[in-house]
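> here are the coordinates; sequence isn't available:
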């Protein structure tokens, strides 16, 4: 995925973001350790980008270190505040690993699905655009 040059893009410690013409927020994740602090800063950035309205997220995942339990819990609590659904594009198995890590004992707080390619992810995510 190439960051488009025809629209603003936004950098956080954990990802690069931009709004897509389809109505999605697109994210290129960075291979860094997630912490409560950088997740909190990221949530604030996403709220600024989206006008504090949960939107569908199309995320391109990169492998990153496993965060601690407090960060996993905090991240899970923040998801419905910023995203209405999440389509994860990654190498085989990575999105399933992340889903299992974060939601082993409960269902995700928003619709989430992993994909091996962008086209399938976009097709699924389109149903959540308002």
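On my side now, so go ahead. Because the structure is predicted, anything quoted here is derived from the model rather than measured. Residues are numbered from 1 along each chain as shown.
> which residue comes closest to the residue most central in space within the chain once chain neighbours are left out?
For the chain, residue 59 is the residue whose C-alpha lies nearest the centre (Cα atoms, centre = their mean; 4.8 Å). The shortest distance from residue 59 to any non-neighbouring residue, by Cβ to Cβ, 6 or more residues apart in numbering, is to residue 27 (4.3 Å). Quick note: C-beta positions are derived from backbone N, CA and C, even for glycine.
> ok, the one you found to residue 70 distance?
According to Cβ to Cβ, to the nearest Å, residue 27 and residue 70 sit 22 Å apart.
> can you give me the strands for the protein?
Per DSSP state E, the chain has strands spanning 10-11, 15-19, 25-29, 55-60, 83-89, 112-115. These are given in chain order.
> adding distance to residue 75 and mean pLDDT, write these out as CSV.
As requested, the strands of the chain are arranged in CSV below (distance: least, Cβ to Cβ, whole Å; pLDDT from 0 to 100):
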stretch, distance to residue 75, mean pLDDT
strand 10-11, 19, 97
strand 15-19, 12, 97
strand 25-29, 12, 97
strand 55-60, 13, 96
strand 83-89, 11, 95
strand 112-115, 12, 90
